[in-house]
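Enquirer: starting from these lines, generate the structure:
(one chain, ligands or ions: 1)
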Amino acid sequence: MLQVDHVSFSYDDTPVLENINFRVKKGEHVSIIGESGCGKSTLLKIIYGLLDIEVGEVYWDETQILGPLYNLVPGESYIKYLSQDFDLMPYTTVFENVSQYLSVFEPEELNRRTQELLQLIGMTEKAHAKVKHLSGGQQQRVALARVLAQQPEILLLDEPFSNIDNFKKNTLRCDLFTFLKKEGITVLTVTHDHNDILPFADRVFVLKDQQIIAKETPKNLYEHPKDLYIASLFGEANKIPINVVKSYADTKRRIIVYAHEFRVSGKSGLEVTVNASYYMGGHYMIRGTYEDQNITFHHHRALEIGKTVFLNVSIETINQRLNL
Ligand SMILES: Nc1ncnc2c1ncn2[C@@H]1O[C@H](COP(=O)(O)OP(=O)(O)OP(=O)(O)O)[C@@H](O)[C@H]1O
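Expert: Sure, this is the predicted structure:
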């Protein structure tokens, strides 16, 4: 089990993390999300032992993970950190990069394991290409296979698909997260992309103002976001009074509604003046105003600027947000 107890950290005099506490079970997959600059990468670096913490402790089972003051070479064999800096051997081949840490005394196993990992990252055909001739996205995939070849017990991934195009990303993330579960590897993934989180994470930790403000399953977090900050990590979201979309509701409570949950209707609901329509492929994203509040919603066609429309929300969505 990974145990992070009362961890606080500052860069010089700027506090970044304050009293962070959590446990991650063996084989669990946790996503760490939050706005840019909130300290996600810093947290991974602390767990890997790249930074010295002023307060708190990090343990993997019985072993304390210490920073560079106490441990000059970070990264014990049980833990691997895949950062934006891929740490590859550019003048050798993809195969050599991936197999470097496998035993040469078991050539068949070395070959089998390397081929398995090359297949996982979709690079079998590039096995004999030199790494320096690969694109950024291909190098990122090789870096991933290289850390997996070292069979870590815990894997820290910092934006693991940031350089990879959508076409490859969907297959890769599905194959990778299935592989990690099968191998029982504990994973912490820092990401901005909710497609990395919703289908794959067991739990999501949300960082804000130096603290973890939520530790939930992806489904709970998405369906019952505590505030707009959390909802906005999953897409465009709005906070509106219930009684405006359901006139019979005698409550002034406000709920969060994702942009795709609004329906445009004839004459009752949230009265919105349209300011702009943006083509998004499968739908238009419409920006408008209700009283002085900005509202974003989806619609199947563009709407005229200045037009007034009424938005409704289904009773199922309202009940879900109210936890009924
Ligand atoms: N080496 C450093 N020295 C000083 N400040 C730093 C250093 N590294 C990061 N910071 C600052 O610490 C804060 C947290 O940075 P961090 O990289 O952990 O954020 P993040 O949540 O991973 O951001 P992003 O999502 O943009 O990658 C930021 O304000 C950043 O500017």
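Enquirer: centre of the chain to the host helix or strand of Leu221, how far?
Expert: Using DSSP states H and E, Leu221 sits in helix 218-223. Relative to its chain's centre, helix 218-223 lies at 14 Å (Cα atoms, centre = their mean, to the nearest Å).
Enquirer: give me the contact list for it.
Expert: Helix 218-223 is touched from outside by 31, 197-199, 201, 203-204, 206, 214, 230, 234, 320-321, with contacts defined as Cβ atoms under 8 Å, 6 or more residues apart in numbering. Every C-beta, even on glycine, is put in place using the N, C-alpha and C of the backbone.
Enquirer: next SSE downstream of it?
Expert: Heading C-terminal from helix 218-223 (DSSP H and E), you reach helix 228-232.
Enquirer: what comes up buried for that following helix?
Expert: Buried residues in helix 228-232, counted by 16 or more other Cβ atoms under 10 Å: 229-231.
Enquirer: repeat for stretch 288-297
Expert: 288, 290, 295-297.
Enquirer: just to revisit the earlier point, and the helix holding Leu221, what's buried?
Expert: Buried residues in helix 218-223 (16+ other Cβ under 10 Å): 218, 221-222.
Enquirer: would you turn those into JSON lines with distance to the ligand?
Expert: Converted to JSON lines, the buried residues of helix 218-223 look like this (distance: Cβ to the nearest ligand atom, whole Å):
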{"residue": "Pro218", "distance to the ligand": "19"}
{"residue": "Leu221", "distance to the ligand": "18"}
{"residue": "Tyr222", "distance to the ligand": "20"}
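Enquirer: let's have these in JSON lines, adding pLDDT.
Expert: Converted to JSON lines, these look like this (pLDDT from 0 to 100):
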{"residue": "Pro218", "pLDDT": "96"}
{"residue": "Leu221", "pLDDT": "95"}
{"residue": "Tyr222", "pLDDT": "95"}
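Enquirer: where in the stretch 201-324 of the chain is pLDDT low?
Expert: 247-250, 324 (pLDDT under 70).
Enquirer: any idea how far the closest residue to the ligand within it is from Ser36?
Expert: Minimum separation of the stretch 201-324 of the chain from the ligand (Cβ to the nearest ligand atom) falls at Leu207, amounting to 6.8 Å. Counting by Cβ to Cβ, to the nearest Å, the gap from Leu207 to Ser36 is 11 Å.
Enquirer: now Phe86
Expert: 21 Å.
Enquirer: need the buried residues of stretch 288-297 in a markdown table with distance to Val313, can you?
Expert: Formatted as a markdown table, those follow (distance: Cβ to Cβ, whole Å):
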| residue | distance to Val313 |
| --- | --- |
| Gly288 | 15 |
| Tyr290 | 13 |
| Ile295 | 12 |
| Thr296 | 14 |
| Phe297 | 10 |
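Enquirer: just these now: which is nearest Pro90?
Expert: Nearest to Pro90 out of the buried residues of stretch 288-297 is Thr296 (Cβ to Cβ; 44.3 Å).
Enquirer: which residues touch the residue most central in space within the chain?
Expert: Nearest to the geometric centre of the chain sits Thr191, at 2.9 Å (Cα atoms, centre = their mean). By Cβ under 8 Å, 6+ apart, the contact set of Thr191 is 31-33, 157, 159-161, 197.
Enquirer: what's the neighbour count on Gln3?
Expert: 16 (other Cβ atoms under 10 Å).
Enquirer: show me the contacts for it.
Expert: 23, 57-60.
Enquirer: if we use 10 Å, what do you get?
Expert: Going by Cβ atoms under 10 Å, 6 or more residues apart in numbering, Gln3 touches 21-24, 57-62, 64-65.
Enquirer: quick check: residues of the chain near the ligand?
Expert: Residues of the chain found near the ligand (Cβ under 6 Å from any ligand atom) are 11, 16, 34, 36-42.
Enquirer: try 8 Å
Expert: 11-12, 14, 16, 34-43, 45, 158-159, 190, 192, 207 (Cβ under 8 Å from any ligand atom).
Enquirer: inside strands: which ones of these?
Expert: Among the residues of the chain next to the ligand, DSSP state E puts 11, 14, 16, 158, 190, 207 in strands.
Enquirer: so the first one bridges to which residues?
Expert: Taking DSSP bridges, one obtains Thr14 as the residues bridged to Tyr11.
Enquirer: can you tell me what sits against stretch 108-125?
Expert: Contacts of stretch 108-125 (Cβ under 10 Å, 6+ apart): 94-104, 106, 126-127, 129, 134, 138, 140-149, 151, 164, 168, 171-172, 175-176, 178-179.
Enquirer: show me those residues that map onto strands.
Expert: Among these, no residue falls in strands (DSSP E).
Enquirer: which PyMOL command selects the buried ones in those?
Expert: Of these, the buried ones can be selected in PyMOL as follows, counting by 16+ other Cβ under 10 Å:
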select buried, resi 94+95+97+98+99+102+126+134+138+140+141+142+143+144+145+146+147+148+149+164+172+176
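Enquirer: and the longest helix along the chain, what does it pack against?
Expert: Of all the segments assigned as helix in the chain under DSSP state H, the longest by residue count is helix 166-183. Helices and strands touching helix 166-183, by 3 or more Cβ pairs under 10 Å, 6 or more residues apart in numbering; DSSP states H and E, are strand 29-33, helix 107-120, helix 136-149, strand 154-158, strand 186-190, helix 194-197.
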